[in-house]
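> please find the sequence and the predicted model below.
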Amino acid sequence: MLSQSDKKNFDFRLNICKSTDKLQYFVNFFQSCFICHRHDNTPTAYEYILGLMTCEKNTANMERMEEEIDSAEYRRYQHFLTHSNWDHQAVLNNVQTQASEALAGQKKINKLPVGLLIDESSSVKKGIESVGVSRQYAGSVGKVDNCQVGVYASLCNHTSATLVHEKLFLPESWTEDPRRCDRAGIPKDKRKFRTKPELALEMIDECVENGVCFDWIGGDGLYGHSGALTRGLDDRGLFYVLDVHRDEMVYLEEPPIAVPEAVGNRGRKPSNPKTDRIPFRLDIYKDSLLDQHWKKVKIRKTAKGWLKLMVHTCRVWSWDGQEDKARERTLIITKTVGKKPKIKYSFSNGGVDEYEAKDYGYFQAQRYWVERTFDDTKNELGLSDYQVRKWSGWHHHHSLVFMAALFMMKERIANGINCPLLSVRDLRILMIVLLFGTPEDFEKRLEQMKIRHKNRKADIDRHYENDKKT
């Protein structure tokens, strides 16, 4: 009779061996999205996704795919991405629906909320022909560089997350140049300049319209600082916890705002609203807080023990200098526990008493997972390794990467009980060996993974033992 440990190993081995068949079935589920003029591009989509999984970081492009996979053809892939008119938006809608269903299922089990997280990411490129390329800030290298920038949405629940939407940011140097847009194949209705927060609001609207279920919206300071985005979310009744910068100005009481009365008969009459109250910078306000103003909470388990935060929440008012009334916000300030604490500031349109400090800390801290989705898709699934220049190629490549990422998330969830430390890389390597290696290769890789997980588990357990002592 099998022991519990042997049974888990047997179940995991069986599930992994089925993953390659499940991938084919998964891609076939998207078949209607890939049919163009009665031609079914699903086999090419499947091959391309295999190529994304097979090639290593910085090599997941069509040339390397042709070298790695016998049936791969560079010209066929180039036509499939750049010239074929299959519906990438339909693929994204399908990804959103499946991701929403999968994470709703996880929510029923772990009772934790689902977040829709917004962030941008860049891909450094050479030349001036790639759609949207410009000298702009590239977060991937931490400086201004020649790059393309996309705005992305990731759906997350606890430790499960996957990218579900994207928009390519077009700088004004593109939107003001019709000929350049024509060469890149940018549709006429996409050539209006839109800021990244405006693109984010469009993505949120499209996710809502597609029936995506989420409990809050998260994002970094670029989005929390945007009055257009936060007002739009207020108007839509969507709950958010968005980061803001430390120099954001707030009022601790609602400031009276009015257009000043004219003094005398000379000069123009005042037309802009003003207030006589003085706002505070967030970092100055934070420095005034005493120990009793903070609450220590445990947020979630990590590989290095519990993530613990000191959390402060309070009611503040934010005014953009234009509206006739300041907007009430809940300010969330968190700092990590340690000698050099990291400070984060966020605004929320939720009431200060609507959620506990632990909840607000959790909402803020979950933004970590959108960064993880970027790491996994760039390092393991070729998000930035495309060899296309045109609008259609950029979106086609992204939608296929999103399909691969969704499949990986669903497989990790399915194997979570028997193999809780399974990473995207672990799963990718095992699938490659199953598809292109020998049974001996698979057993070798599986044994290497088990040893690696055993050592990681021992390190994790040590952190929790030390945590109990402190």
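Yep, that arrived. In this text, all values refer to a predicted model and were calculated from it rather than measured experimentally.

> dump the residue contacts of residue 141.
Applying C-beta atoms under 8 Å, 6 or more residues apart in numbering, we find residue 141 in contact with 122, 124. To be clear about C-beta, it is placed using only N, CA and C from the backbone, and glycine gets the same treatment.

> and it, how far from residue 148?
From residue 141 over to residue 148 the distance is 13 Å, taken as C-beta to C-beta, to the nearest Å.

> cool, residue 105 as well?
Using C-beta to C-beta, one gets 34 Å for the distance from residue 105 to residue 148.

> so how many other residues sit close to residue 276?
When neighbours are defined as other C-beta atoms under 10 Å, residue 276 has 9 of them.

> so how far is residue 179 from it?
From residue 276 over to residue 179 (counting by C-beta to C-beta), the distance is 52 Å.

> circling back to that earlier point, more neighbours, residue 105 and residue 148?
residue 148 (23 against 11).

> quick check, pLDDT for that one.
For residue 148, the pLDDT comes out at 95.

> now do residue 463
82.

> is it true that it lies in a helix?
Yes: assessed with DSSP: H, G, I helix; E, B strand; the rest coil, residue 463 lies in a helix.

> now it, nearest residue through space, not along the chain?
residue 305 (4.0 Å; C-beta to C-beta, 6 or more residues apart in numbering).

> quick check: which element contains residue 162?
strand 160-168 (DSSP states H and E).

> strands paired with that strand, and their directions?
Using DSSP bridges, the strands paired with strand 160-168 are strand 143-157 (antiparallel).

> just the helices in the stretch 301-450 of the chain please.
In the stretch 301-450 of the chain, the helices defined using DSSP state H, counting those that start in this stretch lie at 357-365, 368-380, 391-414, 424-436, 439-469.

> make TSV out of the ones you listed and add distance to residue 95 and mean neighbour count.
Formatted as TSV, the helices of the stretch 301-450 of the chain follow (distance: least, C-beta to C-beta, whole Å; neighbours: other C-beta atoms under 10 Å):
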stretch	distance to residue 95	mean neighbour count
helix 357-365	24	22
helix 368-380	12	20
helix 391-414	5	23
helix 424-436	16	19
helix 439-469	27	12
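
> quick one: closest of those helices to residue 202.
Closest approach to residue 202 among those (C-beta to C-beta): helix 391-414, 14.2 Å.

> give the other helices and strands that that closest one contacts.
Under the contact criterion of 3 or more C-beta pairs under 8 Å, 6 or more residues apart in numbering; DSSP states H and E, helix 391-414 touches helix 4-28, helix 42-54, helix 88-110, strand 160-168, helix 368-380, helix 424-436.

> so what's the closest residue to residue 104 other than its chain neighbours scoring on pLDDT?
In this structure, residue 104 finds its nearest non-sequential neighbour in residue 213, 5.5 Å apart by C-beta to C-beta, 6+ apart. Looking at residue 213, its pLDDT stands at 97.

> now do the one 3 residues further on
At residue 216 the predicted local distance difference test score is 98.

> burial count for the residue nearest to residue 463?
Residues near residue 305, counting by other C-beta under 10 Å, number 17.

> repeat that for the one 5 residues further on.
A count of neighbours around residue 310, defined by other C-beta under 10 Å, yields 20.

> ok, now which ones touch it?
Contact analysis of residue 310 by C-beta under 8 Å, 6+ apart lists 294-296, 334-337, 341.

> just to revisit the earlier point, checking the residue nearest to residue 104 next. Helix, strand or coil?
Residue 213 ends up coil, using three-state DSSP.

> residue 117 now?
On the basis of three-state DSSP, residue 117 is classed as strand.

> dump the residue contacts of the nearest residue to it once chain neighbours are set aside.
Distance criterion C-beta to C-beta, 6+ apart; nearest residue to residue 117, sequence neighbours excluded, is residue 370 at 4.1 Å. By C-beta under 8 Å, 6+ apart, residue 370 lies in contact with 117-119, 152, 154, 156, 161, 218.

> which one of the residues you listed sits closest to residue 384?
Once C-beta to C-beta is applied, the member of these that ends up nearest residue 384 is residue 152, at 12.2 Å.

> count the residues that sit near that closest one.
Count around residue 152 with other C-beta under 10 Å applied: 24.

> A strand includes residue 241, no?
Yes: secondary structure assignment places residue 241 in a strand (three-state DSSP).

> wait, residue 241 sits on residue 348?
Yes: using C-beta atoms under 8 Å as the test, residue 241 is close enough to residue 348 to be in contact (4.5 Å).

> what's the overlap in contacts for the two?
332, 360, 363.

> tabulate the residues you listed (CSV), appending pLDDT.
Output for those, formatted as CSV (pLDDT from 0 to 100):
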residue, pLDDT
332, 98
360, 97
363, 97
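
> how about these in a markdown table, adding distance to residue 448?
Output for these, formatted as a markdown table (distance: C-beta to C-beta, whole Å):
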| residue | distance to residue 448 |
| --- | --- |
| 332 | 42 |
| 360 | 41 |
| 363 | 38 |
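
> of the residues you listed, closest to residue 196?
residue 363 (21.0 Å).

> so what's that closest one up against?
113, 115, 216, 218, 241, 332, 346, 348, 355.

> now the fifth one. Nearest residue, chain neighbours left out?
Read it as residue 241. Nearest to residue 241 is residue 363, by C-beta to C-beta, 6+ apart, at 4.0 Å.

> the closest residue to residue 29 other than its chain neighbours: neighbour count?
Closest residue to residue 29 apart from its sequence neighbours, by C-beta to C-beta, 6+ apart: residue 94 at 7.5 Å. Neighbour count for residue 94, taken as other C-beta under 10 Å: 20.

> quick one: pLDDT of residue 94?
For residue 94, the model assigns a pLDDT of 98.

> what does the one 4 residues further on give?
For residue 98, the pLDDT comes out at 98.

> do residue 225 as well
With respect to pLDDT, residue 225 scores 94.

> hang on, it packs against residue 249?
No: using C-beta under 8 Å, residue 225 makes no contact with residue 249, being 10.9 Å away.

> okay, these two: which has more neighbours?
Using other C-beta under 10 Å as the criterion, residue 225 and residue 249 rank with residue 225 on top: 19 against 15.

> tell me the phi and psi of the more buried one?
Torsion angles at residue 225 (phi, psi; degrees, to the nearest 10) stand at phi -80, psi -20.

> before we move on, what about residue 198?
Phi and psi for residue 198, reported as degrees, to the nearest 10, are phi -70, psi -40.

> check residue 181 too.
In terms of degrees, to the nearest 10, the main-chain angles of residue 181 are phi -70, psi -40.
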